[in-house]
Every structure is written in C-alpha cells, then in structure tokens.
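Trainee: sharing a sequence plus its predicted fold:
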Amino acid sequence: DDQVHSFKPYTPEPPDFDSEDESGIAHLVKETMLEATHRLMEDQAIGGVALSGGFDSSVVAGIMAKEFGIKFPQFTATIKRTPGPDLHFSKLMAEYLQAPHYITEITDEQILRILPKAVWYLESFDQDCISGWIANYFTAKLAAKFTNCVFVGETADEIAGGYFGELEDFYD
C-alpha cells in the first residue's frame, strides 16, 4: 500500500524541573506520558500498539489499558533465527494486559532484501539504526493488516541503555 498517512506529533514545551528531585521527575514523566496519550487519542484513529517489549512501548500499552480500558492489539516483530529477549518481554506484557498479540518473524532473506532500502532511507550504515528501522518496518507491515494507526514508544530504552544490559537473571 503506497498511501501516505499523516500523523499528529506531540511535542510538549520543555518542562522546568529540579534534576535532583527524583520523585518530581517521575511524576513529570508520568503526567507527560498521560497527556500525550490523551491528546493522541482525541481523534480515535489509534488501533494498536507496536510492542517491542521495551520500556516505552510497554508503558504506552499499559496506559491504553488502564486509562482507556482498551485492549488494543499489540504488534511485535522479531528475528526468526534469534528472537532475543524483546520477544519474551513483549509476550509477557501482552499476556499481562490480556490483549491480542500478533507476532511476525523476520527471516534472514527478508532482511537482505530490505537492507538496501533501510540504508537508503536512513542515509546511514549505523547498525543500531538499521536494526530498529527493519524491526519497525516489519511491525508496521503486520499492523497495517489490522489498522492504519498505532502507538509507538521511543526513547527511554535508548537513553537508559536498555538494549545492552545482561539478561541472564531474567531466565534463571
């Protein structure tokens, strides 16, 4: 489908906060997430959540369930050959929310076919960016079978370095 869909970005004014006040920062993050979610739900176009299993998308999915009582479909892409911990965490979150969870497994052949397009669009060979682009591309293709608009959480995992930690403790 070559249709172009516009989206309504949410860019709040930078808040004034005390960097030493941890509970104040936590409250500010919570209120900003709630406000952004409510604003984006105004037109009722959202029909799912791109659930990576990371912090951001899990928080967004949780807000949708708690604030709106909506069990949106959750969409996850994983590498078929090496699913990794994100798939485990996305399954846990979808199960916790009792939400429908759709998973697409990306093959090596699909990656090789889409890789030139990823580099072209990103204008970069950065492996983390390309990996994220490919996962988002296949997640979007999966979600498009059900809806034309999904929530996507971005940034907290990257800022907190959540993708490079040791995960053995989660599997013991």
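Mentor: Everything's here; your move. None of these values were measured; they are calculated from a predicted model. Numbering: from 1, shown residues only.
Trainee: what is the helix ranked longest in the chain packed up against?
Mentor: Taking DSSP state H as the criterion, the chain has its longest helix at helix 22-41. Contacts defined by 3 or more C-beta pairs under 8 Å, 6 or more residues apart in numbering; DSSP states H and E place helix 22-41 against helix 55-68. Placement of C-beta: from N, CA and C, glycine included.
Trainee: strands paired with the next helix or strand after the helix it packs on, and their directions?
Mentor: The first helix or strand that comes after helix 55-68 along the chain, using DSSP states H and E, is strand 74-79. Applying DSSP bridges, strand 74-79 is found paired with strand 49-50 (parallel), strand 101-106 (parallel).
Trainee: buried set for the longest helix of the chain?
Mentor: M33, A36, T37, L40, M41 (16 or more other C-beta atoms under 10 Å).
Trainee: so where's the chain shaky on pLDDT?
Mentor: Residues of the chain meeting the criterion pLDDT under 70: 1-10, 12, 155-172.
Trainee: repeat the analysis, applying 90 as the threshold.
Mentor: Along the chain, segments meeting pLDDT under 90 span 1-48, 50-72, 82-86, 121-133, 135-136, 148-172.
Trainee: correct me, but I134 touches D108?
Mentor: No: counting by C-beta atoms under 8 Å, D108 is not a contact partner of I134; they are 11.4 Å apart.
Trainee: is it correct that T147 is in contact with V49?
Mentor: No: applying C-beta under 8 Å, one finds T147 not in contact with V49, separated by 10.1 Å.
Trainee: quick one, which of these two is more surrounded?
Mentor: For T147 versus V49, neighbours defined as other C-beta atoms under 10 Å are more numerous around V49 (31 against 14).
Trainee: which ones are touching the more buried one?
Mentor: S57, V60, A61, M64, F72, P73, Q74, F75, V150, F151, V152, G153 (C-beta atoms under 8 Å, 6 or more residues apart in numbering).
Trainee: might one say that the second one is in contact with F151?
Mentor: Yes: applying C-beta under 8 Å as the test, V60 and F151 come out as touching, 4.7 Å apart.
Trainee: follow-up on the earlier one: which residues are common contacts for T147 and V49?
Mentor: Common neighbours of T147 and V49 (C-beta under 8 Å, 6+ apart) are P73.
Trainee: sorry, back to before: of I134 and D108, which one has the most company?
Mentor: Looking at I134 and D108 with other C-beta under 10 Å, you find the greater number of neighbours at I134, namely 19 against 11.
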